[in-house]
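J.: this one's sequence-less:
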């Protein structure tokens, strides 16, 4: 008769597995697909007629006293996709951007940075696929851009540049790491506005806004900067990764509202603070505003509707600046727009003193483990020349680090195997008295110095390391499109093969849930062999769970990054070797083949 306690444990484990699969795998993937389709529909649906565009240089809305947050919203050609990206780019005169890492342009209409492409990254592993597009202009598909400006302080009416203002470039030439671009606009009332834009060789722009007052003219203006994004982007959809608005705000620290939360709340104002930054993050890319760390700013997350489409915005609104007659007022803001490369992001944090800028990369709760693990893998990659080999090397290093603890675990398991006959005798003697049976077993464990829970230690040790490695593979761009050998051309993507179409021999695609490739199968086999090193549990339900666990894990890990599956398979292989050596050292017979053969024997029905 099956022990009721074990039966309940078996049911609980099954429920955990099923709900874990739904929560972490199936559910997020369905949500990602839903968001992707919604984004596609937003691009093709008819756009409502845009509001009448204000004349160039029209006065921006006057903010309420004490709350200078009425930042002008986009207008003119409309914010929904009506033009192709190329057509939208041609709708404004432009100044080219050309750096070793970026290509694109600055729109003279509005003076915005709205065209950024990443030269070193492509959409797929195909070297001929298009470059990644990060920022896009208003009027085209999914506008996403950085904007800067001034607002009249409360009680003042000053003509300031707006979204439709056409700026003039002072001088000629493209924006390059060695050549700045300066845009100018005269409001005709004694104020001349300038924007000086510089860029480095990677992804950091610096935008210096200046206002010069001529003659007796004076003004009190409020500077702002913003990153605007139209439409909810398709995301990876996994709960372990944040994609969306992000910011770090002094003592309040890291804030990561979701797109959904921002739609519901419309506006999230943070306390005024110096040394903050904010923007939007995707899985591998980001656009963020980094104001002067000495200036107090009012950070604001906001959203609004344009028809059925949401516009997401991050604002940095500064303190009022007094421009005296004949004087000049200025404020500089940095803009990060590029790939979330670990060395680059950390370098900017150190170079410019940007607080917690490395959180642009979602290292997760295990930050203290995940980031050092990445640096170890990256160092090994530079030595070995392949991230897959680096992962295998890290597995060996981790095995060596935990070798003493694992040794104790396997030695205890070996001792338990040696006393199996005595354990069975006690179970038979006290089969009608579970309390005495348990007492007798515990006395046996104490006498033989056996820890019955020791077999769980290797698994418990592996869980945080497994999760940290999962994060490294999933969130770091260095792992994106990193090849291994053979058919694995991207360690951050699942194994592309599937047993259900004979690994590509049959001419049809396999549903995603059935894409069980070669490496997940190798992982499942190694897990099964490792479990067969130990005798089967005496309880039938426990035995059934252990028998099916490798199959369940094979299907679960089929959709995980290939690098993670390769790690698990290699770790299982090393564990098999380690456990076999320890069992042989302790004089325990390795009954691997006997246990494997017993798996395929039909069990005899119990006699009534």
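T.: Yep, it's here. Quantities reported herein were computed from a predicted structural model and do not represent experimental measurements.
J.: ranges for the strands of the stretch 351-500 of the chain?
T.: Applying DSSP state E, counting those that start in this stretch to the stretch 351-500 of the chain gives no strands.
J.: where does it dip in pLDDT?
T.: 410, 412-415, 451-459, 461-462 (pLDDT under 70).
J.: hmm, residue 242 and residue 255 touching each other?
T.: No: using C-beta atoms under 8 Å, residue 255 makes no contact with residue 242, being 10.4 Å away. Bear in mind the C-beta positions are built from the backbone N, C-alpha and C, glycine included.
J.: more neighbours: these two, which one.
T.: More crowded of residue 255 and residue 242, by other C-beta atoms under 10 Å: residue 242, with 19 against 16.
J.: tell me which helix or strand residue 133 sits in.
T.: Element membership of residue 133 [criterion: DSSP states H and E] is strand 131-135.
J.: got it, and residue 128?
T.: Assigned by DSSP H and E, residue 128 falls outside every helix and strand.
J.: give me the number of residues near it?
T.: Residue 128 has 6 neighbouring residues, counting by other C-beta under 10 Å.
J.: got the phi/psi numbers for it?
T.: The phi/psi pair for residue 128 (degrees, to the nearest 10) reads phi -100, psi 0.
J.: go through stretch 382-392 and flag the buried ones.
T.: Using 16 or more other C-beta atoms under 10 Å as the test for burial, stretch 382-392 gives 386, 387, 388, 390, 391, 392.
J.: quick check: the fifth one touching residue 567?
T.: Yes: under the criterion of C-beta under 8 Å, residue 391 lies in contact with residue 567, with a separation of 5.2 Å.
J.: overlap of the contact sets of these two?
T.: Common contact partners of residue 391 and residue 567 (C-beta atoms under 8 Å, 6 or more residues apart in numbering): residue 469.
J.: tell me who's in contact with residue 305.
T.: Applying C-beta under 8 Å, 6+ apart to residue 305 gives the contacts residue 311.
J.: can you confirm it is in a strand?
T.: Yes: counting by DSSP: H, G, I helix; E, B strand; the rest coil, one finds residue 305 located in a strand.
J.: how much space separates it from residue 167?
T.: Residue 305 sits 29 Å away from residue 167, going by C-beta to C-beta, to the nearest Å.
J.: and what of residue 382?
T.: For residue 382, the distance to residue 167 (C-beta to C-beta) stands at 44 Å.
J.: what of residue 307?
T.: Applying C-beta to C-beta, the value for residue 307 to residue 167 is 29 Å.
J.: between these two, tell me which one has more neighbours.
T.: Each of residue 307 and residue 167 has its neighbours counted (other C-beta under 10 Å); residue 167 has more, 23 against 13.
J.: what sits against the more buried one?
T.: Under the criterion of C-beta under 8 Å, 6+ apart, the contact list for residue 167 reads 108, 109, 110, 111, 161, 183, 184, 185, 195.
J.: quick one: contacts for residue 297?
T.: Neighbouring residues of residue 297 by C-beta under 8 Å, 6+ apart: 272, 273, 274, 276, 291, 316, 317, 318, 319.
J.: please name the bridge partners of it.
T.: residue 273, residue 318 (DSSP bridges).
J.: tell me the pLDDT at it?
T.: Note for residue 297: predicted pLDDT of 94.
J.: what of residue 65?
T.: Taking residue 65 on its own, its pLDDT is 33.
J.: please apply the same query to residue 99.
T.: With respect to pLDDT, residue 99 has a value of 97.
J.: same check, this time on residue 255
T.: Residue 255 is assigned 94 on the pLDDT scale.
J.: so what's it up against?
T.: Residue 255 touches 245, 246, 247, 248, 249, 268, 270, counting by C-beta under 8 Å, 6+ apart.
J.: out of these, list just those in strands.
T.: Residues from the contacts of residue 255 lying in strands, with DSSP state E as the criterion: 245, 246, 247, 248, 268.
J.: domain parsing for this structure?
T.: Here the domain assignment for the chain is 46-57+88-362, 371-418+449-599, based on automatic domain parsing.
J.: with distance to residue 431 added, can I get these in JSON lines?
T.: Putting the domains of the chain into JSON lines (distance: least, C-beta to C-beta, whole Å) gives the following:
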{"stretch": "domain 46-57+88-362", "distance to residue 431": "46"}
{"stretch": "domain 371-418+449-599", "distance to residue 431": "11"}
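J.: which parts of stretch 364-373 are buried?
T.: 364, 369, 370, 371, 373.
J.: ok, and what's touching it?
T.: Counting by C-beta under 8 Å, 6+ apart, 240, 358, 363, 394, 464, 465, 467, 468, 469, 471, 472, 475 sit against stretch 364-373.
J.: pull the distance from that stretch to the chain's centre.
T.: Here the centre of stretch 364-373 is set off from its chain's centre by 13 Å, with C-alpha atoms, centre = their mean, to the nearest Å.
J.: likewise for stretch 175-182?
T.: So, by C-alpha atoms, centre = their mean, the centroid of stretch 175-182 is 32 Å from its chain's centroid.
J.: with stretch 487-502 instead?
T.: Stretch 487-502 sits 21 Å away from the centroid of its parent chain (C-alpha atoms, centre = their mean).
J.: pull out the buried positions in it.
T.: Per 16+ other C-beta under 10 Å, stretch 487-502 contains these buried residues: 488, 489, 490, 491, 492, 493, 494, 495, 497, 498, 499.
J.: which ones among these map onto helices?
T.: Members of the buried residues of stretch 487-502 lying in helices (criterion: DSSP state H): none.
J.: just put the residues you listed in TSV and tack on distance to residue 558.
T.: Listed next are the buried residues of stretch 487-502 as TSV, based on distance: C-beta to C-beta, whole Å:
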residue	distance to residue 558
488	14
489	17
490	15
491	15
492	15
493	12
494	7
495	7
497	10
498	8
499	9
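J.: and which of those residues is nearest residue 344?
T.: residue 492 (18.2 Å; C-beta to C-beta).
J.: how close does the closest residue to that closest one other than its chain neighbours sit to residue 528?
T.: Nearest non-adjacent residue to residue 492, counting by C-beta to C-beta, 6 or more residues apart in numbering: residue 479, 4.5 Å away. Distance of residue 479 to residue 528, given as C-beta to C-beta: 28 Å.
J.: please identify which of these two sits among more neighbours.
T.: residue 479 (23 against 19).
J.: return the residues in contact with the more buried one.
T.: Contact analysis of residue 479 by C-beta under 8 Å, 6+ apart lists 387, 472, 473, 491, 492, 561, 563.
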